[in-house]
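Engineer: Kindly return the folded structure for what I paste below:
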Amino acid sequence: MDKELRLDAICGDVLEELKKIESASVNLIVTDPPYNLAKNYGETMDNLDFDAYLDFSRKWIGECKRILKDNGTIYVFMGVRYISYIYMIMEQELELEFNSWITWHYTQGIGKTKGFSPRHDDILMFTKSKQFNFYLDHIRIPQKYYRSRNNMRGANPGNVWEFSHIHYSNKNRQTHPTQKPEGLFERMILASSKQGDTVLDPFVGSGTTIRVCQQTGRNGIGIDVNSQYIDLTRERLKQEFNGFDSIDVRLARVPNDLNDQEVRKAYINNHIQWFLANHDDAVDTFITAVKEKYAHKMDEEELSELDNLVKETRQKISEPLENEASGSIT
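Structural biologist: Here you go, the predicted model:
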């Protein structure tokens, strides 16, 4: 990018640090605050009483409203115990504009023997006003079928998202109890900001928000009271990038009925650019799926072109430092 990014990881009390940020200066806020479930976050425990937790939430969300630009958006993760109260605070008390209640579905989670095992978290999407930015083309998912009348740039992903948890064996797993997938944050950041915008995470934790900002060309501000997590975030920003650690499996979906060779060739190249730009490691999977579906219709030249796409991607992955987004880390 022409302008160097600014990536700030700030250690401090969230309410005090938010007060230092200029009003109407941030384009997007994406955050996963403590759910008040008595989790151990090292230097802090998430165990306020009911009224104190809601008062704390009211204060930090109020500061976020002040900081947001008039066309800005805020996404807040929240567990089931408090989400209805947080919703009421945001809509009724702070008069933010409700847009979407997003469900993040995951296939692995807490096991229960009495009652049903939880398999989702929720994300509230509110905007500061009725006039807000939303970049649908940046987050579309592939169509199931090729049709000339369809928008082959893709469809709206809807409000139920499936991303896998970051398993403890994942090489990107950090020492944080509630680390969220990068692909999840990628979707929100791409949907509600553009390159050069400023994104804030008041509870940065393992640094996922700032890492995604770094790799998508956004300025990032992350706050956390735990100094260990701030150190973790700064170290994470120095790591090589080989693609985000999670992906909506639909992004590698190969449309049916790509029977015309010229249409198929053009679409395959477009698919990689449109849907897999930050997921080089998924290109191989996508090309394999293309061959399984269409190899019997391809000549040697087209098959060779597919193999070259995979080779180019592997070469790109093997030279990750060339792909690092520039930016100063503070």
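Engineer: So which residues make contact with the longest strand belonging to the chain?
Structural biologist: Ranked by residue count, the top strand of the chain under DSSP state E comes out as strand 68-78. Outside strand 68-78, the residues within contact range by C-beta atoms under 8 Å, 6 or more residues apart in numbering are 24-33, 35, 61, 64-65, 86, 90, 96, 99, 102, 121-129, 131-134, 180, 188, 192. Placement of C-beta: from N, CA and C, glycine included.
Engineer: mind listing which of these are in strands?
Structural biologist: Among the contacts of strand 68-78, the subset assigned to strands under DSSP E consists of 26-31, 99, 102, 121-127.
Engineer: Closest to residue 239 out of the residues you listed?
Structural biologist: For residue 239, the closest of the ones in strands among the contacts of strand 68-78 turns out to be residue 30, at 20.3 Å, with distances computed as C-beta to C-beta.
Engineer: Off-centre distance for the longest strand of the chain?
Structural biologist: The chain centre lies 14 Å from the centre of strand 68-78; the measure is C-alpha atoms, centre = their mean, to the nearest Å.
Engineer: Would you mark the buried spots in it?
Structural biologist: Taking 16 or more other C-beta atoms under 10 Å as the neighbour-count basis, strand 68-78 is seen to contain the buried residues 68, 69, 71, 72, 73, 74, 75, 76, 77, 78.
Engineer: So for the third one, what's the nearest residue that isn't a sequence neighbour?
Structural biologist: Read it as residue 71. residue 132 (4.9 Å; C-beta to C-beta, 6 or more residues apart in numbering).
Engineer: What does that neighbour show for phi and psi?
Structural biologist: Torsion angles at residue 132 (phi, psi; degrees, to the nearest 10) stand at phi -140, psi 160.
Engineer: Next up, the contacts around it.
Structural biologist: By C-beta under 8 Å, 6+ apart, the neighbours of residue 132 are 71, 72, 73, 97, 99, 192.
Engineer: any idea which of those residues is closest to residue 156?
Structural biologist: Using C-beta to C-beta, the shortest approach to residue 156 within the contacts of residue 132 belongs to residue 99, at 13.1 Å.
Engineer: What residues are bridge-paired with the nearest residue to that closest one once chain neighbours are set aside?
Structural biologist: The shortest distance from residue 99 to any residue other than its chain neighbours is 4.6 Å, reached at residue 125 (C-beta to C-beta, 6+ apart). When bridges are called by DSSP bridges, residue 125 pairs up with residue 75, residue 100.
Engineer: Perfect, that will be all.
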